[in-house]
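> the following block contains a protein sequence and its predicted model.
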Amino acid sequence: MNRSIPLVLAVALFMEQMDSTVIATALPAIAADIGTSPISLKLALTAYLVSLAVFIPISGWMADRFGARRIFAIAIGVFMAGSLACAVSGSLAEFVISRFLQGMGGAMMTPVGRLVLLRSVEKSQLVSAMAWLTIPALVGPMVGPPVGGFLTTFLSWHWIFLINIPIGLAGIFFAVKILPDDGIRVREKADWLGFVFSGGAASGIVFGLSVISLPVLPPLWGIAATFGGVLCLIAYLRHARSHPRPLLDPKLFRNRTFALSLLGANLFRVGAGAVPFLLPLMLQLGFGMSPFQSGMITFISAAGAIMMKFIIKRILGLIGFRTTLLISAGCAALSIAVNGLFTPATPIALILLILFLGGLVRSMFFTSVNALTFSEIAPDTAAQASSFTSAFQQVSIAVGVAVAGGIVEVVSLINGGVLDLSAFHTAFFVVAAITAFAIIPFLALPPSAGHAVSGHSLTRAGSRAASPVRS
């Protein structure tokens with residue numbers, strides 16, 4: 001396997017992951033500077049995720065129509081432009097619009113990058129390729145919190161967006177030089193009506209849930225947006241049944257492994273995706289830490305995630321996808337719930353240990369489920385599968401952030417408008433319970449699911465062959 005390809009693709013994930021963790025660390029400082037509250041600034045995080053959900057579905061068609069390498073490089077450029085816009089934003093509205101522009105670039109980077117990877121490696125190498133793709137990207141969360149905290153504390157929050165510029169320029173250069181041209185060029189017109197319906201469904205549901213949990217706009221707006229999103233979803237499903245080449249083909253869900261993997265992964269992300277939003281806020285607003293201090297603590301989870309990448313292939317070979325996912329989902333839910341027990345009196349060493357272990361098991365889950373999702377996908381449907389996965393992924397994370405923010409807001413209102421630790425603790429317990437529900441879909445997986453990718457059945461067969469024959 002040519003390791004330079006996943007490493008180049010990882011530049012996009014590096015920027016995205018570092019960007020999200022940097023912003024989570026700097027939320028209180030940004031909010032104070034532009035005249036809003038940290039909870040209200042969640043709208044900017046949601047705007048980014050909504051943009052991803054809207055534009056991800058079209059990414060597969062664009063990669064097939066204009067070339068995956070070209071679209072990947074253009075996407076990095078759009079993300080850089082959004083970063084510059086964020087750096088010069090002076091109000092909540094400007095910041096939200098800038099984050100939406102960033103999302104347009106991010107919507108192309110991750111699914112198109114994964115598509116390049118899927119078309120460049122054999123199924124038997126998929127786990128290793130996914131690990132190599134993710135290892136450099138996990139440096140982003142590890143570097144993001146302390147760097148973002150340092151810049152926010154000692155300089156200003158504006159600089160946390162400018163660091164994307166040199167990274168993006170390097171990504172564009174190496175993408176053009178190293179990534180292969182897959183040579184695929186389709187002539188079919190895009191399903192623009194499907195694009196409108198899918199974008200309306202994703203943006204309506206995610207934005208609606210966020211508005212309901214925010215004090216910025218009347219809740220009626222959120223209810224209306226959510227209802228509109230559901231109507232768009234129904235309209236899209238009807239449209240997809242009659243269109244010869246729908247933007248996202250629901251027939252992919254006839255693949256049992258793909259469907260169960262996607263369902264379990266998204267339940268997991270609703271819970272686990274809220275942690276990067278909740279934890280820095282709790283450490284800063286509940287514990288009284290500075291952004292830099294908060295970042296120096298939260299970065300440890302990425303260290304655990306990186307360590308897991310070096311042993312995950314062996315784990316999958318020994319116990320297979322099903323057992324790995326059941327164990328990692330249960331342990332991850334437990335680690336999230338433990339965050340709800342943290343107080344200013346909790347020893348820092350214990351907090352670091354819990355966060356390290358949490359990063360370890362979440363990495364085990366994500367690497368496994370990402371490989372399993374595509375283990376039985378045919379090459380001609382890889383683009384749609386990648387777009388489908390990325391779209392659902394971002395919607396589930398947005399829902400998780402909306403749910404977490406809503407819980408914090410409701411508990412604080414119950415407490416008389418006071419935002420204290422009890423609000424964060426309650427949110428952690430709820431999202432941990434949601435994460436645990438991811439176990440249910442994986443119980444329906446056969447033990448042999450994804451064996452051609454994990455090597456689990458081969459390992460067992462080799463063990464039986466090596467065993468002595470009893471008379």
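Alright, I've got the coordinates.

> for the protein, name the helix or strand with the lowest mean pLDDT.
Among the helices and strands of the chain, helix 456-466 carries the lowest confidence by mean pLDDT, DSSP states H and E, at a mean of 48.

> pull out the buried residues from stretch 277-291.
Neighbour-count burial for stretch 277-291, with 16 or more other CB atoms under 10 Å as criterion, is recorded at 277-287, 289-291. Every C-beta, even on glycine, is put in place using the N, C-alpha and C of the backbone.

> starting at the chain centroid, how far to it?
Taking CA atoms, centre = their mean, to the nearest Å, the mean C-alpha location of stretch 277-291 is offset from the chain mean by 21 Å.

> run through who's touching it.
Where contact means CB atoms under 8 Å, 6 or more residues apart in numbering, the residues beyond stretch 277-291 that reach it are 24-29, 38, 42, 45, 145, 148-149, 152-153, 293-295, 297-298, 339, 342, 344, 355, 400-401, 404-405, 408, 419-421, 424, 427-428, 431.

> domain ranges for this structure?
The record, using automatic domain parsing to delimit domains, assigns the chain the ranges 4-180+247-453, 197-246.

> just these: most buried one?
When the domains of the chain are scored by mean count of other CB atoms under 10 Å, the highest mean neighbour count falls to domain 4-180+247-453 (a mean of 21).

> endpoints of that domain, how far apart?
21 Å (CA to CA, to the nearest Å).

> quick one: mean pLDDT for it?
Domain 4-180+247-453 carries an average pLDDT of 82.

> helix or strand right after the biggest helix by length in the chain?
As far as residue count goes, and with DSSP state H defining each element, the longest helix of the chain is helix 382-414. Next in sequence after helix 382-414, counting helices and strands by DSSP states H and E, comes helix 421-436.

> quick one, that next one and helix 382-414 angle?
With axes from the mean of the first three to the mean of the last three CA atoms, to 10 degrees as the criterion, the two stretches helix 421-436 and helix 382-414 enclose an angle of 150 degrees.

> packing partners of helix 421-436?
helix 256-272, helix 275-281, helix 312-339, helix 382-414 (3 or more CB pairs under 8 Å, 6 or more residues apart in numbering; DSSP states H and E).

> can you add distance to Leu252 and give the buried residues of stretch 277-291 back as a markdown table?
Rendered in a markdown table, the data for these read as follows (distance: CB to CB, whole Å):
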| residue | distance to Leu252 |
| --- | --- |
| Phe277 | 30 |
| Leu278 | 33 |
| Leu279 | 34 |
| Pro280 | 36 |
| Leu281 | 37 |
| Met282 | 38 |
| Leu283 | 40 |
| Gln284 | 42 |
| Leu285 | 42 |
| Gly286 | 43 |
| Phe287 | 45 |
| Met289 | 45 |
| Ser290 | 47 |
| Pro291 | 42 |
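
> nearest to Thr435, of those residues?
The closest of the buried residues of stretch 277-291 to Thr435 turns out to be Leu278 (CB to CB; 12.6 Å).

> could you find the closest non-adjacent residue to Pro246?
Once flanking residues are discounted, Pro246 sits nearest to Ala240: 3.9 Å by CB to CB, 6 or more residues apart in numbering.

> the one you found sits in which helix or strand?
With DSSP H and E as the criterion, the answer for Ala240 is helix 219-242.

> list the contacts of that helix.
With contact meaning CB under 8 Å, 6+ apart, helix 219-242 is reached by 193-194, 197-214, 246-250.

> for Leu84, give me its contacts.
Residues near Leu84 by CB under 8 Å, 6+ apart: 161-162, 165.

> just the mean pLDDT for stretch 198-210, thanks.
80.

> can you tell me how far the closest residue to Phe154 other than its chain neighbours is from Thr346?
Taking CB to CB, 6+ apart as the measure, Phe154 lies nearest to Phe292, with 7.5 Å between them; neighbours along the chain are not counted. Phe292 is 19 Å from Thr346, where distance means CB to CB, to the nearest Å.
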